[in-house]
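*Asks:* What would the 3D arrangement of this be:
(5 chains)
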Amino acid sequence: MDRTRLYRDGVLVKENFPIDDISECVGDPGAVVWFDLCEPAGGDLAKISEELGLHELAVEDALHDRQRPKVDAYDGHLFITVYAAGLVDGEIDFVELSLFVTRNALVTVRSSADFDIDAVLRRWDADPEMARYGVAYLLHGLLDHIVDGYFEVLQPLDDRVEALEDELFDGGVTDLRGRHRETFTLRKNLLRFRRMALPVREVVGGLIRRGAEVIDPALMPYYQDVYDHTLRASEWTDSLRELVGNIREAYQNQQGFKLNEIMKKVTSWAAIIAVPTLITGFYGQNVPYPGSGEPIGFWSSTILIIVGGVLLYRAFKKRDWL
Amino acid sequence: MDRTRLYRDGVLVKENFPIDDISECVGDPGAVVWFDLCEPAGGDLAKISEELGLHELAVEDALHDRQRPKVDAYDGHLFITVYAAGLVDGEIDFVELSLFVTRNALVTVRSSADFDIDAVLRRWDADPEMARYGVAYLLHGLLDHIVDGYFEVLQPLDDRVEALEDELFDGGVTDLRGRHRETFTLRKNLLRFRRMALPVREVVGGLIRRGAEVIDPALMPYYQDVYDHTLRASEWTDSLRELVGNIREAYQNQQGFKLNEIMKKVTSWAAIIAVPTLITGFYGQNVPYPGSGEPIGFWSSTILIIVGGVLLYRAFKKRDWL
Amino acid sequence: MDRTRLYRDGVLVKENFPIDDISECVGDPGAVVWFDLCEPAGGDLAKISEELGLHELAVEDALHDRQRPKVDAYDGHLFITVYAAGLVDGEIDFVELSLFVTRNALVTVRSSADFDIDAVLRRWDADPEMARYGVAYLLHGLLDHIVDGYFEVLQPLDDRVEALEDELFDGGVTDLRGRHRETFTLRKNLLRFRRMALPVREVVGGLIRRGAEVIDPALMPYYQDVYDHTLRASEWTDSLRELVGNIREAYQNQQGFKLNEIMKKVTSWAAIIAVPTLITGFYGQNVPYPGSGEPIGFWSSTILIIVGGVLLYRAFKKRDWL
Amino acid sequence: MDRTRLYRDGVLVKENFPIDDISECVGDPGAVVWFDLCEPAGGDLAKISEELGLHELAVEDALHDRQRPKVDAYDGHLFITVYAAGLVDGEIDFVELSLFVTRNALVTVRSSADFDIDAVLRRWDADPEMARYGVAYLLHGLLDHIVDGYFEVLQPLDDRVEALEDELFDGGVTDLRGRHRETFTLRKNLLRFRRMALPVREVVGGLIRRGAEVIDPALMPYYQDVYDHTLRASEWTDSLRELVGNIREAYQNQQGFKLNEIMKKVTSWAAIIAVPTLITGFYGQNVPYPGSGEPIGFWSSTILIIVGGVLLYRAFKKRDWL
Amino acid sequence: MDRTRLYRDGVLVKENFPIDDISECVGDPGAVVWFDLCEPAGGDLAKISEELGLHELAVEDALHDRQRPKVDAYDGHLFITVYAAGLVDGEIDFVELSLFVTRNALVTVRSSADFDIDAVLRRWDADPEMARYGVAYLLHGLLDHIVDGYFEVLQPLDDRVEALEDELFDGGVTDLRGRHRETFTLRKNLLRFRRMALPVREVVGGLIRRGAEVIDPALMPYYQDVYDHTLRASEWTDSLRELVGNIREAYQNQQGFKLNEIMKKVTSWAAIIAVPTLITGFYGQNVPYPGSGEPIGFWSSTILIIVGGVLLYRAFKKRDWL
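*Replies:* Okay, the predicted model is just below:
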């Protein structure tokens, strides 16, 4: 599964050669090499690390999961951790990528095969001219692909937020509980996204601040462009979080309204029925009330029941209790 | 629909000439040209881009929607993205504008025909003297118009907030649900406005920081004035958001009060009716209670019913339960 | 209504002369002039503007309402916008003041006659010695008066907050709705106050940062003192907002408590009455139950009613439901 | 009540001499004097002010209450305002202290006799060696005492918070209303404490930033230590505020739980009683229903009542409604 | 219990010698010593303090509990306070550590024996090569161990948060009250953790800023690594706090939903029963209503009861009230 590439003077000369050929590539001053390790067991990385002179702390970080997105500068190389994001069944899925950047080599260590490395290759090959900028170009293509992936995560979340907003007041939302669950999940995903993906902003910013030492001036606008996209992703995320908060509060209000309505109606009907019940109770007494045992009693009782019920109904209706 | 203008030594000499004439205009050192493209398909922009030496990344951004408001400095030109705002049926409508600013050319790319470019032309022509400041003057007129548009969006929102505040306690608000919906929509609009329109503050601030390189010192107070207006729009928006939050909480409280009132009254009435019902139940028993089958029974029952009901009514009234 | 003053070498030599005399005053290097315009139509301000060389943008801002509090530096003069605050019927009332500050002239433009300019004059005249510091002294007196006015607004609000706090738990607050309204209004006023009045802190801070260019070193402690007062007003406002928030939440809790209490009691009473009603229902059946039509039936029914009611009452009382 | 002290070359030579002797002390270059005024009427302070050359604005501030905690630098002296805090009946009590610091004199003006100045004297005398550092040592002792007082205020508040936390879930809290009141008072006190006491952090920080001009380098660690304590007090306060917020929300939830429980139980019982009542109503009809007037009717009615009641009870119990 | 170690030229030469031997160790320029005091009474610390020239304020802080995490620079040594964290029965337990760092000595003062100092020794001995970096290496091993301990606290909290999230919507959570309690405890623990443990970030950052003066350049990446871990712990904590807040709100909503459901159902059933009760009341009147005393009366009553009940049941069901 591990991929390799060798560029010489800006031209791709060899691909998918064994990692053991590393020594001959690294010695060549005009060569730029790329090694890709997917869930490495340690052996290959140890070999690469020795040849390229990678710092032991960086190698250790690359083999352990759950690092923070960051750029660490070691003597002779940079170590970068970033997260690629994808949407799987409405949940955001992250793949951790550890990158070693030397003057003429890029090593990518992926924590899972879920990251589509072929898409990065296609991007690199789309503009072969640019390969003359060496490692900085390869790194740009990779970061650009990762950040573009963020938008593919945010767009469906944004669509869902907009759909929730539209549903809120148009037509009757019956499944309030399901909506509530969805809002909870949206919020959880945005929280995780903000924690895992957005610090890439600092990573790209850190590379830009390092300037010509790492990035050819001609590439600088391209890195600025990636940085700009990370800002946009960040602002979009914050904006979505606020909108989800707004929706959540609206649903809470709706829940309150619905309870009010139902309680009002049911209790009011119970009160309306209580009055005729009282009247029949009166006429059911075993005492000689006016009309007891006589038709006039039946009529007066029936009239009282109907008039009382109607009056109450209208009084409640008027006060909007029914 | 595309508009063009050519100024020479501060005087408007040609208008609405075809974009193909671009080469002759650009070569002239005393000339200042303006091109306006509305929803460009790409061809015209490619031509302009070639003549003015615009960076491919900037051109790409101009053709794609949903950029962040920003100023990007490329070699030989600035690239600016801003959003104009308008109110359509109570919802804020945004038009994205991409601007290329070179030493003697301004290119405006509009994402939709909804932006009233003629109003900008009228503003430019209102003070023809100023045209001698070239591109910086044209840019100022455009930004000033956009920021003035923000106030035309904020004023009706402010009026609505004030109306909601006044309604809150004066007279009976019956349509709490509609009010709640309005508050939700207000808040959503303010959130979107803050995200799309307010970063123009950074844009104008960025131009001012670039100083004499871009803006003639004589024009600086005018840019400061625009900047000041962006600050005012920003503070106004934040203030409206807080007021809307205040109102939203007040409505929630009102909803709670209303439920309390109704539940209290209805339940209390049900309790008041329960007592006479118990009494009639007592007198309806088929046992020889005192007064069963005798007028005294009727009178005692009736008196108990009336006295019990009245006492309860007064007790409840006194405790403010009714 | 427009006021004028002419100081020469620190001595007040002329007062309330017509604004048309402006040219002779301004030419004199030892003279310090003050012009006050109340709701100016434009003519007088145009004349002053021409003589003092005021920038057209500043003049325009002075004639339009609703500027942000700010200090703008123009070539040869400062332009200041501040708001004076007063309390009218529990609502904060603002008066916008636009100030032009040149080396030897102060122009004050008031948006309404509600601002008590005579109080400022009395302050100036209280320490005639200081008039030798010219414009900076006059400006200090004006700002000091405005900031003192803020405390006269905050003190009654603070008193009201303290009263609300005391009422919260001492004795029974019956008019929860009125309290809620008051809290809402307090909060609205504090929000508006923070927006309109508090930026004066930045204004005074801006003047101090400009230093000796504007303010004589001997006056610096006096400006520091005003600055300090603006900080105090700002902290007081924030503190009041937090206290009002605390009260608002406490009232919401009280509202919840009150509802709980009432619902508990009323529902519990209804439940207590339901049991004797059931018993009378039993004894009202037209079936030969034990004791039907016999005195023993009456006694057993009555005993059951009383015992059942009392037992329920005590059970409910014990669980604090009544 | 006013106290005075005169140190010469680091040795306490005179105590409690009349303030009128001020001139002879101040003239002596090797002397360090301390004057303490408690609720001064003005006369003594005027005399001291004249001798030490205190600025009129500082003197005015010292005579007026409710200044912000601050350090103001005047020509030849510093003016400091700080608040000492103490706990009286669970409410925080503040004493405002105004301090004038010259090269060889410290003047303390107390707004109330509640501040225990003798404790400060004991602290000064505990390490007589240090008195050779003059005014800076005296000032350190005073500030250290004030900040230590803050911890004596925070500790009981912290204990109360912990007690409230423990009570929350252990055993049944019956007096929810009292707890709510306590939470409200805790929060109010923490708000006031933060406003009045914590800015002392800025005061001590300001003194440290002024450096050797005010504080002998050998004393610097001692001021750093006080600064550190102010930070600790500040962090403690913020932490307590968050914990109180957490408790407040937990009580609100508990209140909701309790209402739910009661309403559920009471309403469910009412529903259970309604069914037998219906049955007795059926058997109370004056129509020839099966078993009317016969023993079989009595038995069927009684069985229906018991079975219906038991079934309902078990159904409700199963759904956790009872 | 007190531990000691003596390194000479990077080699461990002596261990657990009495603290009284301190003088001979300290005099040796090639020696690095470590003293560990557990809950010291004062005597040993006084001896060490005298030999190493520790500042009296630092020694005092080391003997008093509840200091803030910090680095204080004294003349000739640093004083560091940090907290180690562990999880005991779901509650976070803290151990305060005071560290004195001189050029060639490290003194650790532990407030409790709960801190596993042997684990630190094992870490030191795991890489004996590194001991040549002296005190900075020892300090790194200690800080690294403490920060690793934070993750052992955060991981179970994170697991619990995830479990709570999963339980929220999957299956029926019956013990809402227990969940609520757990959420409260989680939040309290995170609050305390943030206050006590996270400031270690500033401590490590402060050491790094001091640079080569304290840390050998070769060790710098190792300190950077620890710093990075403190950042990760800090971000993790904040993220957990937000997730717990999200869960808490979801539980509140669930509580609301559950109440709504129950109230709706119970009240609706009460209303359904009220109608047949009214009908039986009608037929129980002692008046000659149609069918009184006749079979037709029984049938009409029975049909009315059944039809009325069924109609109501279906109407309520349709409106989702049942």
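
*Asks:* quick one: what helix or strand has A:L57 in it?
*Replies:* Per DSSP states H and E: A:L57 is located in helix A:56-63.

*Asks:* Can you list the neighbours in contact with that helix?
*Replies:* A:40, A:42, A:45-46, A:49, A:67, A:72, A:74, A:77, A:79, A:81, A:98, A:100, A:109, E:221-222, E:225 (Cβ atoms under 8 Å, 6 or more residues apart in numbering or on different chains). From N, CA and C alone the C-beta is placed, and that goes for glycine too.

*Asks:* residues of it that come out buried?
*Replies:* Residues of helix A:56-63 classed as buried by neighbour count (16 or more other Cβ atoms under 10 Å in any protein chain shown): A:57-59, A:61-62.

*Asks:* With stretch A:80-93 instead?
*Replies:* A:80-87, A:92.

*Asks:* Could you count how many residues lie near the residue lying closest to A:L207 once chain neighbours are set aside?
*Replies:* Using Cβ to Cβ, 6 or more residues apart in numbering or on different chains and skipping the chain neighbours, the partner closest in space to A:L207 is A:V214 (5.9 Å). By the other Cβ atoms under 10 Å in any protein chain shown criterion, the neighbourhood of A:V214 contains 20 residues.

*Asks:* Report the contact partners of A:V214.
*Replies:* A:V214 neighbours (Cβ under 8 Å, 6+ apart): A:78, A:101, A:136, A:207.

*Asks:* helix or strand for A:V109, which one?
*Replies:* strand A:105-110.

*Asks:* What are the buried residues along the next helix or strand after that strand?
*Replies:* Sequence-wise, the next helix or strand downstream of strand A:105-110 (DSSP H and E) is helix A:117-126. Buried positions in helix A:117-126, judged by neighbour count with 16+ other Cβ under 10 Å: A:117, A:120-121, A:123-124.

*Asks:* picking up where we left off before, which one of the buried residues of stretch A:80-93 sits closest to chain E?
*Replies:* Among the buried residues of stretch A:80-93, A:T81 lies closest to chain E (Cβ to the nearest Cβ), at 9.6 Å.

*Asks:* Give me the three-state assignment for the closest one.
*Replies:* Under DSSP: H, G, I helix; E, B strand; the rest coil, the three-state class of A:T81 is strand.

*Asks:* swap in the one 3 residues further on?
*Replies:* When states are read from three-state DSSP, the local structure at A:A84 comes out as strand.

*Asks:* Distance check, the residue nearest to A:L207 against chain B.
*Replies:* Distance of A:V214 to chain B, computed by Cβ to the nearest Cβ, to the nearest Å: 19 Å.

*Asks:* again with A:L243
*Replies:* Per Cβ to the nearest Cβ, A:L243 is found 6 Å from chain B.

*Asks:* okay, whichever residue of the stretch 151-300 of chain A sits closest to chain D: pLDDT?
*Replies:* Of all residues in the stretch 151-300 of chain A, A:G284 sits closest to chain D, at 6.9 Å by Cβ to the nearest Cβ. For A:G284, the pLDDT comes out at 89.

*Asks:* hmm, back to that, now the helix holding A:L57 against strand A:105-110, angle please.
*Replies:* Helix A:56-63 and strand A:105-110 are oriented at 40 degrees to each other (axes from the mean of the first three to the mean of the last three Cα atoms, to 10 degrees).

*Asks:* Since that was my last question, I'll sign off now.
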